[in-house]
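A.B. asks: Sharing a sequence plus its predicted fold:
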Amino acid sequence: MRISMSSASFRDLFPVTKNLVYFNHAAVGPLSVRAYEAMERHARDQREFGALHWRDWYAEVDRLREAAARLIGANADEIAILKNTSEGLSFVAEGIRWNAGDNVVTTAMEFPSNWTPWQALAPRGVETRVAENATAAAIAPLLDDRTRVVSVSSVAFHNGFVAELDAIGALCASRNVLFVVDAIQSVGVLPIDVRRSGIHVLAADGHKWMCGPESCALFFVAAERRDELQVLEHGWTNIERGGKFIGCDVALVPDARRFEAGSLNTNGIYGLRAALELLLEIGIETVASHAIAVAAELADGLASIGWSVASPRPIRSGIVGAIPPAVENDASKSLLWYHRRLEENGVVCAPREGMLRFSPHFYNDRLDVARVVSVLRGLSSST
(Lines give C-alpha, C1' and ligand atoms only; values in the text may rest on other atoms or scores of the structure.)
Protein backbone atom coordinates (compact mmCIF):
# COMPACT_ATOMS: atom_id res chain seq x y z
CA MET A 1 0.00 0.00 0.00
CA ARG A 2 1.28 3.47 -0.86
CA ILE A 3 0.92 6.42 1.48
CA SER A 4 0.40 9.99 0.40
CA MET A 5 2.78 12.36 2.11
CA SER A 6 3.69 15.99 1.66
CA SER A 7 7.27 17.18 1.55
CA ALA A 8 6.82 18.44 5.11
CA SER A 9 5.81 14.95 6.22
CA PHE A 10 8.82 13.49 4.46
CA ARG A 11 11.05 15.93 6.32
CA ASP A 12 9.54 14.98 9.67
CA LEU A 13 10.95 11.48 9.15
CA PHE A 14 14.52 12.82 8.96
CA PRO A 15 15.68 14.93 11.92
CA VAL A 16 18.81 15.92 9.99
CA THR A 17 16.61 18.54 8.29
CA LYS A 18 16.48 20.49 11.56
CA ASN A 19 20.24 20.94 11.50
CA LEU A 20 21.50 20.90 7.92
CA VAL A 21 20.80 21.05 4.24
CA TYR A 22 21.95 17.50 3.69
CA PHE A 23 22.87 16.85 0.06
CA ASN A 24 25.29 13.98 0.63
CA HIS A 25 23.30 10.77 0.20
CA ALA A 26 25.75 9.52 -2.41
CA ALA A 27 28.26 9.25 0.48
CA VAL A 28 26.37 8.40 3.68
CA GLY A 29 22.67 8.94 4.20
CA PRO A 30 21.19 10.00 7.54
CA LEU A 31 19.04 7.58 9.51
CA SER A 32 15.31 8.14 9.47
CA VAL A 33 13.38 8.20 12.71
CA ARG A 34 12.12 4.70 11.95
CA ALA A 35 15.54 3.22 11.24
CA TYR A 36 17.02 4.79 14.35
CA GLU A 37 14.18 3.61 16.56
CA ALA A 38 14.42 0.06 15.23
CA MET A 39 18.14 -0.03 16.00
CA GLU A 40 17.61 1.52 19.41
CA ARG A 41 14.96 -1.10 20.28
CA HIS A 42 17.29 -3.92 19.32
CA ALA A 43 20.25 -2.41 21.18
CA ARG A 44 18.10 -1.99 24.29
CA ASP A 45 16.89 -5.57 23.97
CA GLN A 46 20.46 -6.88 23.81
CA ARG A 47 21.50 -4.63 26.69
CA GLU A 48 18.70 -5.82 28.96
CA PHE A 49 18.13 -9.41 27.84
CA GLY A 50 21.32 -10.51 26.08
CA ALA A 51 20.48 -13.08 23.39
CA LEU A 52 17.26 -14.31 25.00
CA HIS A 53 15.23 -13.11 22.02
CA TRP A 54 17.49 -14.60 19.34
CA ARG A 55 14.51 -16.10 17.54
CA ASP A 56 13.19 -12.58 16.98
CA TRP A 57 16.60 -11.54 15.66
CA TYR A 58 16.62 -14.36 13.14
CA ALA A 59 13.08 -13.52 12.07
CA GLU A 60 14.20 -9.95 11.41
CA VAL A 61 16.86 -11.22 9.02
CA ASP A 62 14.15 -13.03 7.07
CA ARG A 63 12.02 -9.90 7.04
CA LEU A 64 14.93 -7.90 5.66
CA ARG A 65 15.43 -10.41 2.84
CA GLU A 66 11.74 -10.15 1.99
CA ALA A 67 11.76 -6.33 1.99
CA ALA A 68 14.90 -6.23 -0.15
CA ALA A 69 13.41 -8.71 -2.60
CA ARG A 70 10.28 -6.59 -3.00
CA LEU A 71 12.36 -3.48 -3.58
CA ILE A 72 14.47 -4.93 -6.41
CA GLY A 73 12.07 -7.49 -7.91
CA ALA A 74 13.84 -10.61 -6.63
CA ASN A 75 12.97 -13.62 -4.48
CA ALA A 76 13.89 -13.59 -0.80
CA ASP A 77 16.02 -16.72 -1.15
CA GLU A 78 18.20 -14.85 -3.68
CA ILE A 79 19.21 -12.20 -1.11
CA ALA A 80 22.29 -12.48 1.10
CA ILE A 81 23.25 -9.92 3.73
CA LEU A 82 26.91 -8.90 3.51
CA LYS A 83 29.00 -6.18 5.11
CA ASN A 84 29.37 -3.91 2.07
CA THR A 85 29.24 -3.56 -1.72
CA SER A 86 32.96 -4.22 -2.12
CA GLU A 87 32.60 -7.60 -0.47
CA GLY A 88 29.82 -8.62 -2.83
CA LEU A 89 31.69 -7.57 -5.97
CA SER A 90 34.85 -9.28 -4.73
CA PHE A 91 32.84 -12.46 -4.13
CA VAL A 92 32.00 -12.40 -7.84
CA ALA A 93 35.48 -11.54 -9.10
CA GLU A 94 37.14 -14.17 -6.92
CA GLY A 95 34.36 -16.72 -7.14
CA ILE A 96 34.20 -17.19 -10.91
CA ARG A 97 36.23 -20.10 -12.27
CA TRP A 98 38.38 -18.08 -14.66
CA ASN A 99 40.58 -19.32 -17.45
CA ALA A 100 43.55 -17.43 -18.83
CA GLY A 101 42.34 -15.41 -21.82
CA ASP A 102 38.93 -14.64 -20.33
CA ASN A 103 37.85 -11.01 -20.09
CA VAL A 104 35.51 -8.78 -18.11
CA VAL A 105 33.99 -5.54 -19.36
CA THR A 106 33.45 -2.56 -17.09
CA THR A 107 33.44 1.21 -17.64
CA ALA A 108 35.67 4.23 -17.17
CA MET A 109 33.16 5.70 -14.70
CA GLU A 110 33.52 3.18 -11.88
CA PHE A 111 34.16 3.70 -8.18
CA PRO A 112 37.10 1.58 -6.91
CA SER A 113 34.70 -1.06 -5.56
CA ASN A 114 33.79 -1.97 -9.14
CA TRP A 115 37.26 -1.46 -10.57
CA THR A 116 39.90 -3.00 -8.35
CA PRO A 117 38.37 -6.52 -8.11
CA TRP A 118 38.56 -6.89 -11.90
CA GLN A 119 41.99 -5.30 -12.28
CA ALA A 120 43.31 -7.68 -9.61
CA LEU A 121 42.57 -10.62 -11.94
CA ALA A 122 45.34 -9.65 -14.38
CA PRO A 123 47.91 -12.06 -12.88
CA ARG A 124 45.53 -14.91 -13.76
CA GLY A 125 45.44 -13.83 -17.39
CA VAL A 126 42.01 -12.17 -17.17
CA GLU A 127 41.76 -8.98 -19.20
CA THR A 128 39.70 -6.00 -18.05
CA ARG A 129 38.16 -4.11 -20.96
CA VAL A 130 36.94 -0.58 -20.32
CA ALA A 131 33.96 1.02 -22.04
CA GLU A 132 33.60 4.79 -22.07
CA ASN A 133 30.27 4.62 -20.27
CA ALA A 134 27.47 2.28 -19.25
CA THR A 135 25.54 2.20 -22.51
CA ALA A 136 24.91 -0.83 -24.67
CA ALA A 137 26.51 0.96 -27.63
CA ALA A 138 29.76 1.49 -25.71
CA ILE A 139 29.88 -2.01 -24.26
CA ALA A 140 28.81 -4.13 -27.25
CA PRO A 141 32.03 -3.70 -29.31
CA LEU A 142 34.11 -4.99 -26.38
CA LEU A 143 32.32 -8.32 -26.07
CA ASP A 144 33.63 -11.52 -27.62
CA ASP A 145 33.37 -15.23 -27.00
CA ARG A 146 35.79 -14.96 -24.06
CA THR A 147 33.79 -12.32 -22.19
CA ARG A 148 32.56 -13.78 -18.91
CA VAL A 149 31.25 -10.69 -17.07
CA VAL A 150 29.91 -7.23 -17.73
CA SER A 151 29.96 -5.14 -14.55
CA VAL A 152 28.64 -1.58 -14.36
CA SER A 153 27.41 0.90 -11.81
CA SER A 154 23.70 1.59 -12.10
CA VAL A 155 24.47 5.26 -11.45
CA ALA A 156 27.92 6.84 -11.73
CA PHE A 157 29.09 7.97 -8.31
CA HIS A 158 30.51 11.34 -9.42
CA ASN A 159 28.15 12.83 -12.00
CA GLY A 160 24.98 10.73 -11.77
CA PHE A 161 25.15 9.13 -15.23
CA VAL A 162 22.39 6.49 -15.34
CA ALA A 163 23.32 3.16 -16.90
CA GLU A 164 21.22 1.59 -19.66
CA LEU A 165 20.50 -1.45 -17.50
CA ASP A 166 17.71 -2.92 -19.64
CA ALA A 167 19.71 -2.65 -22.86
CA ILE A 168 22.92 -3.93 -21.30
CA GLY A 169 21.03 -6.79 -19.68
CA ALA A 170 19.55 -7.79 -23.03
CA LEU A 171 23.01 -7.64 -24.59
CA CYS A 172 24.43 -9.89 -21.87
CA ALA A 173 21.55 -12.34 -22.24
CA SER A 174 22.18 -12.62 -25.97
CA ARG A 175 25.82 -13.55 -25.29
CA ASN A 176 25.27 -15.59 -22.09
CA VAL A 177 27.46 -13.14 -20.15
CA LEU A 178 27.04 -12.65 -16.41
CA PHE A 179 25.57 -9.19 -15.78
CA VAL A 180 26.82 -7.67 -12.52
CA VAL A 181 25.61 -4.33 -11.15
CA ASP A 182 27.03 -2.12 -8.44
CA ALA A 183 23.73 -0.57 -7.42
CA ILE A 184 24.75 1.37 -4.34
CA GLN A 185 23.95 4.70 -6.03
CA SER A 186 20.44 3.71 -7.07
CA VAL A 187 18.81 1.24 -4.65
CA GLY A 188 16.69 3.35 -2.35
CA VAL A 189 16.18 6.28 -4.72
CA LEU A 190 15.50 4.88 -8.21
CA PRO A 191 13.34 1.93 -9.26
CA ILE A 192 15.37 -1.15 -10.16
CA ASP A 193 14.02 -4.52 -11.28
CA VAL A 194 16.56 -7.30 -11.60
CA ARG A 195 14.24 -9.47 -13.71
CA ARG A 196 13.29 -6.76 -16.17
CA SER A 197 16.91 -5.67 -16.60
CA GLY A 198 18.33 -9.19 -16.74
CA ILE A 199 20.67 -8.55 -13.82
CA HIS A 200 22.33 -11.69 -12.48
CA VAL A 201 24.22 -10.17 -9.54
CA LEU A 202 23.57 -6.95 -7.65
CA ALA A 203 25.41 -5.49 -4.66
CA ALA A 204 24.37 -2.41 -2.69
CA ASP A 205 25.26 -1.26 0.79
CA GLY A 206 22.40 0.24 2.79
CA HIS A 207 24.10 3.35 4.12
CA LYS A 208 23.62 5.65 1.11
CA TRP A 209 20.24 6.12 -0.58
CA MET A 210 18.51 3.48 1.53
CA CYS A 211 19.36 5.65 4.55
CA GLY A 212 20.30 2.66 6.65
CA PRO A 213 23.38 1.90 8.75
CA GLU A 214 26.84 1.14 7.45
CA SER A 215 28.16 -2.43 7.16
CA CYS A 216 24.86 -3.96 6.11
CA ALA A 217 24.59 -4.66 2.38
CA LEU A 218 22.23 -6.43 0.00
CA PHE A 219 23.74 -9.08 -2.27
CA PHE A 220 21.45 -10.54 -4.92
CA VAL A 221 22.48 -13.55 -7.00
CA ALA A 222 19.94 -14.94 -9.45
CA ALA A 223 19.09 -18.51 -8.49
CA GLU A 224 19.87 -19.86 -11.95
CA ARG A 225 23.42 -18.42 -11.85
CA ARG A 226 24.24 -19.10 -8.19
CA ASP A 227 26.32 -22.21 -8.77
CA GLU A 228 28.65 -20.30 -11.10
CA LEU A 229 30.21 -18.63 -8.05
CA GLN A 230 32.51 -20.54 -5.78
CA VAL A 231 31.89 -19.70 -2.14
CA LEU A 232 34.97 -18.07 -0.67
CA GLU A 233 34.10 -18.01 3.01
CA HIS A 234 32.93 -20.95 5.08
CA GLY A 235 31.54 -20.92 8.58
CA TRP A 236 28.76 -22.19 10.77
CA THR A 237 25.82 -20.37 9.18
CA ASN A 238 26.20 -21.24 5.49
CA ILE A 239 26.36 -25.04 5.80
CA GLU A 240 23.80 -27.78 6.31
CA ARG A 241 24.54 -28.40 9.99
CA GLY A 242 21.44 -30.45 10.67
CA GLY A 243 21.32 -29.03 14.19
CA LYS A 244 24.88 -30.15 14.97
CA PHE A 245 27.96 -28.13 15.80
CA ILE A 246 30.60 -30.85 16.20
CA GLY A 247 31.41 -32.99 13.17
CA CYS A 248 28.70 -31.33 11.10
CA ASP A 249 28.31 -31.57 7.33
CA VAL A 250 30.18 -29.03 5.20
CA ALA A 251 27.63 -29.00 2.35
CA LEU A 252 26.52 -25.46 1.56
CA VAL A 253 22.94 -24.33 2.08
CA PRO A 254 21.15 -24.15 -1.28
CA ASP A 255 20.10 -20.50 -1.30
CA ALA A 256 21.83 -17.11 -1.05
CA ARG A 257 22.65 -17.71 2.60
CA ARG A 258 25.66 -19.67 1.33
CA PHE A 259 27.42 -16.31 0.98
CA GLU A 260 26.94 -15.55 4.70
CA ALA A 261 29.69 -17.38 6.57
CA GLY A 262 28.97 -16.29 10.15
CA SER A 263 27.07 -13.98 12.44
CA LEU A 264 25.49 -10.97 10.80
CA ASN A 265 25.22 -7.31 11.79
CA THR A 266 21.95 -7.83 13.63
CA ASN A 267 21.58 -4.26 14.83
CA GLY A 268 22.22 -2.99 11.31
CA ILE A 269 19.66 -5.47 9.98
CA TYR A 270 16.98 -3.97 12.21
CA GLY A 271 17.83 -0.50 10.96
CA LEU A 272 18.02 -1.44 7.29
CA ARG A 273 14.78 -3.39 7.36
CA ALA A 274 12.98 -0.36 8.84
CA ALA A 275 14.60 1.88 6.23
CA LEU A 276 13.46 -0.36 3.36
CA GLU A 277 9.94 -0.72 4.72
CA LEU A 278 9.68 3.06 4.76
CA LEU A 279 10.71 3.28 1.11
CA LEU A 280 8.26 0.54 0.16
CA GLU A 281 5.50 2.25 2.11
CA ILE A 282 6.03 5.55 0.33
CA GLY A 283 6.65 3.88 -3.02
CA ILE A 284 9.97 3.96 -4.85
CA GLU A 285 8.39 5.76 -7.81
CA THR A 286 7.32 8.59 -5.48
CA VAL A 287 10.77 8.64 -3.90
CA ALA A 288 12.42 8.85 -7.31
CA SER A 289 10.18 11.59 -8.66
CA HIS A 290 10.76 13.78 -5.59
CA ALA A 291 14.54 13.23 -5.54
CA ILE A 292 14.99 13.85 -9.27
CA ALA A 293 12.83 16.98 -9.16
CA VAL A 294 14.97 18.43 -6.36
CA ALA A 295 18.19 17.49 -8.17
CA ALA A 296 16.96 19.03 -11.43
CA GLU A 297 15.98 22.26 -9.70
CA LEU A 298 19.38 22.37 -8.04
CA ALA A 299 21.14 21.89 -11.39
CA ASP A 300 19.19 24.81 -12.83
CA GLY A 301 19.95 26.94 -9.78
CA LEU A 302 23.66 26.22 -9.95
CA ALA A 303 23.76 27.06 -13.66
CA SER A 304 21.96 30.34 -12.96
CA ILE A 305 24.85 31.55 -10.76
CA GLY A 306 27.59 30.55 -13.18
CA TRP A 307 28.40 27.03 -12.01
CA SER A 308 29.07 24.45 -14.72
CA VAL A 309 26.81 21.45 -14.31
CA ALA A 310 28.76 18.32 -15.26
CA SER A 311 25.89 15.86 -14.85
CA PRO A 312 24.07 14.70 -17.98
CA ARG A 313 20.88 16.61 -18.79
CA PRO A 314 18.08 15.96 -18.27
CA ILE A 315 18.84 15.02 -14.68
CA ARG A 316 17.82 11.39 -14.16
CA SER A 317 19.34 10.55 -10.78
CA GLY A 318 19.80 12.19 -7.42
CA ILE A 319 23.41 13.20 -8.15
CA VAL A 320 24.44 16.60 -9.48
CA GLY A 321 28.12 17.26 -10.12
CA ALA A 322 29.07 20.90 -10.63
CA ILE A 323 32.20 23.01 -11.08
CA PRO A 324 32.46 26.52 -9.60
CA PRO A 325 33.05 29.52 -11.84
CA ALA A 326 36.61 30.65 -12.27
CA VAL A 327 37.36 33.50 -9.90
CA GLU A 328 39.79 35.91 -11.51
CA ASN A 329 42.93 36.56 -9.48
CA ASP A 330 41.62 34.52 -6.57
CA ALA A 331 43.16 31.06 -6.55
CA SER A 332 42.14 30.70 -2.90
CA LYS A 333 38.61 29.83 -3.97
CA SER A 334 39.34 26.24 -4.79
CA LEU A 335 36.89 23.36 -4.84
CA LEU A 336 37.85 22.44 -1.29
CA TRP A 337 37.42 26.06 -0.24
CA TYR A 338 33.82 26.02 -1.44
CA HIS A 339 33.26 22.64 0.21
CA ARG A 340 34.50 23.88 3.58
CA ARG A 341 32.55 27.15 3.39
CA LEU A 342 29.36 25.22 2.55
CA GLU A 343 29.82 23.04 5.62
CA GLU A 344 30.35 26.14 7.74
CA ASN A 345 27.00 27.37 6.42
CA GLY A 346 25.20 24.11 7.21
CA VAL A 347 25.27 22.57 3.72
CA VAL A 348 26.76 19.09 3.33
CA CYS A 349 27.96 17.79 -0.04
CA ALA A 350 31.21 16.13 -1.22
CA PRO A 351 34.16 16.95 -3.50
CA ARG A 352 34.51 14.29 -6.19
CA GLU A 353 36.57 14.13 -9.38
CA GLY A 354 37.10 17.87 -9.74
CA MET A 355 33.48 18.73 -8.91
CA LEU A 356 31.30 19.35 -5.93
CA ARG A 357 28.82 16.51 -5.80
CA PHE A 358 25.37 17.35 -4.48
CA SER A 359 23.06 14.42 -3.80
CA PRO A 360 19.63 15.36 -2.43
CA HIS A 361 16.96 12.79 -1.57
CA PHE A 362 13.19 12.67 -1.60
CA TYR A 363 12.69 14.55 1.68
CA ASN A 364 14.72 17.55 0.52
CA ASP A 365 12.77 20.42 -1.02
CA ARG A 366 13.07 23.63 -2.99
CA LEU A 367 13.84 25.64 0.14
CA ASP A 368 16.94 23.48 0.56
CA VAL A 369 17.86 24.21 -3.05
CA ALA A 370 17.33 27.92 -2.54
CA ARG A 371 19.55 27.85 0.53
CA VAL A 372 22.40 26.14 -1.34
CA VAL A 373 22.17 28.54 -4.29
CA SER A 374 22.03 31.54 -1.96
CA VAL A 375 25.10 30.45 0.00
CA LEU A 376 27.09 29.76 -3.17
CA ARG A 377 26.06 33.08 -4.71
CA GLY A 378 27.35 34.84 -1.64
CA LEU A 379 30.59 32.89 -1.61
CA SER A 380 31.24 33.55 -5.29
CA SER A 381 30.83 37.29 -4.81
CA SER A 382 32.78 37.53 -1.56
CA THR A 383 36.31 38.87 -1.47
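C.D. replies: Sure, I can see it.
A.B. asks: how about residue 76, what does it touch?
C.D. replies: Residues near residue 76 by C-beta atoms under 8 Å, 6 or more residues apart in numbering: 62, 65, 66, 68, 69. For every residue, glycine as well, the C-beta is placed using N, CA and C.
A.B. asks: again with residue 315
C.D. replies: For residue 315, the contacting residues are 160, 292, 295, 296, 299, by C-beta under 8 Å, 6+ apart.
A.B. asks: Pretty sure the third one sits against residue 357.
C.D. replies: So the one you mean is residue 295. No: taking contacts as C-beta atoms under 8 Å, residue 295 lies outside contact range of residue 357: 11.0 Å.
A.B. asks: list the residues that contact both of the two?
C.D. replies: 319, 320.
A.B. asks: Now name the helix or strand holding residue 220.
C.D. replies: For residue 220, the host element (DSSP states H and E) is strand 217-221.
A.B. asks: Against which helices or strands is the following helix or strand past that strand packed?
C.D. replies: Per DSSP H and E, the first helix or strand lying C-terminal to strand 217-221 is helix 266-282. Packing partners of helix 266-282 (3 or more C-beta pairs under 8 Å, 6 or more residues apart in numbering; DSSP states H and E): helix 33-49, helix 54-72.
A.B. asks: buried sites along whichever helix or strand comes after helix 266-282?
C.D. replies: Downstream of helix 266-282, the first helix or strand assigned by DSSP H and E is helix 284-304. Within helix 284-304, the residues that count as buried by 16 or more other C-beta atoms under 10 Å are 284, 286-288, 290-299, 301-302.
A.B. asks: Then stretch 54-69?
C.D. replies: If you call a residue buried by 16+ other C-beta under 10 Å, then stretch 54-69 has these buried ones: 57, 60, 61, 63, 64, 65, 66, 67, 68, 69.
A.B. asks: hmm, who's touching that stretch?
C.D. replies: Around stretch 54-69, the neighbours that count as contacts under C-beta under 8 Å, 6+ apart are 42, 45, 51, 74-79, 81, 218, 220, 256, 264, 266, 269-270, 272-273, 276-277, 280.
A.B. asks: which of these are buried?
C.D. replies: Among those, those scoring as buried are 42, 45, 74-76, 78-79, 81, 218, 220, 256, 264, 266, 269-270, 272-273, 276-277, 280 (criterion: 16+ other C-beta under 10 Å).
A.B. asks: shaky segments in the stretch 51-200 of the chain?
C.D. replies: Low-confidence segments of the stretch 51-200 of the chain, defined by pLDDT under 70, are absent.
A.B. asks: for this protein, which strand is longest?
C.D. replies: Ranked by residue count under DSSP state E, the longest strand found in the chain is strand 147-153.
A.B. asks: Quick check: neighbours of it in the sheet, parallel or antiparallel?
C.D. replies: strand 103-107 (parallel), strand 178-182 (parallel) (DSSP bridges).
A.B. asks: list the contacts for the residue nearest the centre of the chain?
C.D. replies: Within the chain, the residue whose C-alpha comes closest to the C-alpha centroid is residue 184; the distance, by C-alpha atoms, centre = their mean, is 1.1 Å. For residue 184, the contact set (C-beta under 8 Å, 6+ apart) comprises 85, 113, 153, 203, 204, 205, 208, 209.
A.B. asks: Tell me the one of those nearest residue 12?
C.D. replies: residue 209 (19.2 Å; C-beta to C-beta).
A.B. asks: thought residue 236 was touching residue 244?
C.D. replies: No: counting by C-beta under 8 Å, residue 236 stays clear of residue 244, with 10.2 Å between them.
A.B. asks: Could you dump the helices and strands packed on helix 266-282 into TSV with distance to residue 373 added?
C.D. replies: Converted to TSV, the helices and strands packed on helix 266-282 look like this (distance: least, C-beta to C-beta, whole Å):
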stretch	distance to residue 373
helix 33-49	28
helix 54-72	33
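A.B. asks: Which among those helices is found nearest to residue 143?
C.D. replies: In terms of C-beta to C-beta, the element of the helices and strands packed on helix 266-282 nearest to residue 143 is helix 54-72, at 25.0 Å.
A.B. asks: What's the local residue count around residue 312?
C.D. replies: Neighbours of residue 312 under the rule other C-beta atoms under 10 Å: 15.
A.B. asks: Check whether it sits in a helix, strand or coil.
C.D. replies: coil (DSSP: H, G, I helix; E, B strand; the rest coil).
A.B. asks: Which residue is the nearest non-sequential neighbour of it?
C.D. replies: Spatial nearest neighbour of residue 312, excluding adjacent residues (C-beta to C-beta, 6 or more residues apart in numbering): residue 161 at 5.6 Å.
A.B. asks: Just list the residues touching that neighbour, thanks.
C.D. replies: Here residue 161 is in contact with 109, 133, 134, 155, 311, 312, 317 (C-beta under 8 Å, 6+ apart).
A.B. asks: ok, the last one touching residue 295?
C.D. replies: Yes: contact status for residue 317 versus residue 295: in contact at 7.0 Å, counting by C-beta under 8 Å.
A.B. asks: Report the contact partners of the closest residue in space to residue 187 that isn't next to it in sequence.
C.D. replies: Spatial nearest neighbour of residue 187, chain neighbours left out: residue 204 (4.2 Å); criterion: C-beta to C-beta, 6+ apart. By C-beta under 8 Å, 6+ apart, residue 204 lies in contact with 85, 182, 183, 184, 186, 187, 188, 210, 217, 218.
A.B. asks: what pairs with residue 204 across the strands?
C.D. replies: residue 218.
A.B. asks: re earlier: quick check, nearest of the contacts of residue 184 to residue 141?
C.D. replies: Scanning these for proximity to residue 141, where the rule is C-beta to C-beta, the winner is residue 153, at 19.7 Å.
A.B. asks: now that closest one, nearest residue through space, not along the chain?
C.D. replies: Nearest residue to residue 153 in three dimensions, chain neighbours excluded: residue 182, at 4.5 Å (C-beta to C-beta, 6+ apart).
A.B. asks: and if you look at residue 229?
C.D. replies: Closest residue to residue 229 apart from its sequence neighbours, by C-beta to C-beta, 6+ apart: residue 95 at 3.7 Å.
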